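> Below are the sequence and a predicted model for it; my questions follow.
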Amino acid sequence: MWFDIVFCTLGAVLIVGGLVGAILPNLPGIPMIFGGIWLVAAVDNYRHLGLWWLLLIGVLGALGVIVDFVAGTLGAKRVGASKRALWGASLGTLIGMFFSIPGILLGPFVGALIGELSSGTSVLRSAHVGIGTWLGLLFGTLVKLVISLVMVGLFGLAMLLG
């Protein structure tokens with residue numbers, strides 16, 4: 001009995017922490033939300049949240065993780081960035097993850113800027129590409145937040161209907 005309370009509380013903490021992680025880049029928000037939902041479903045013996053609910057929430061979560069990873073690169077591509085800038089944005093995103101919030105925020109911008117500069121374009125054009133990359137990252141965060149809220153909403157709906 002008290003194990004159920006402990007694990008449900010842990011699941012709730014994971015879900016709330018995941019919602020915070022949907023905005024803060026250092027926390028794996030969507031995986032935390034999914035882990036919390038799965039933990040609560042397991043404690044409930046999957047009575048309210050069965051296979052199809054978990055698959056639906058899991059697919060949404062996978063989509064959110066993918067969008068989060070490629071958003072900066074897509075922002076650079078949208079403004080007509082060179083292949084070097086796209087590679088730079090990807091590498092900047094990857095390297096930036098190791099430098100906390102400033103790295104996450106600046107990594108794609110700096111990577112795209114350096115990549116575009118290395119392809120021989122002007123500083124102004126390179127800055128334009130860097131800003132496009134940053135806006136893509138911002139859009140990706142917004143999409144990740146919306147997907148996180150939809151996941152939690154579907155969880156609540158399944159618990160009410162089940």
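Thanks, I have it.

> Work out which residue lies at the spatial centre of the protein.
Centroid check for the chain by CA atoms, centre = their mean gives residue 68 as the closest residue, at 3.9 Å.

> so how far is the biggest helix by length in the chain off the chain centroid?
When the chain is parsed with DSSP state H, its longest helix is helix 123-161. Remark: helix 123-161 is offset 7 Å from the chain centroid, using CA atoms, centre = their mean, to the nearest Å.

> And stretch 37-50, by the same measure?
24 Å.

> can you pull out the helices in this structure?
Using DSSP H, helices in the chain cover 2-21, 29-43, 51-78, 83-96, 100-118, 123-161.

> Give the other helices and strands that the longest helix of the chain contacts.
helix 2-21, helix 29-43, helix 51-78, helix 83-96, helix 100-118 (3 or more CB pairs under 8 Å, 6 or more residues apart in numbering; DSSP states H and E). To be clear about C-beta, it is placed using only N, CA and C from the backbone, and glycine gets the same treatment.

> re earlier: could you dump the helices of the chain to JSON lines with mean pLDDT?
Output for these, formatted as JSON lines (pLDDT from 0 to 100):
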{"stretch": "helix 2-21", "mean pLDDT": "93"}
{"stretch": "helix 29-43", "mean pLDDT": "96"}
{"stretch": "helix 51-78", "mean pLDDT": "87"}
{"stretch": "helix 83-96", "mean pLDDT": "83"}
{"stretch": "helix 100-118", "mean pLDDT": "84"}
{"stretch": "helix 123-161", "mean pLDDT": "89"}
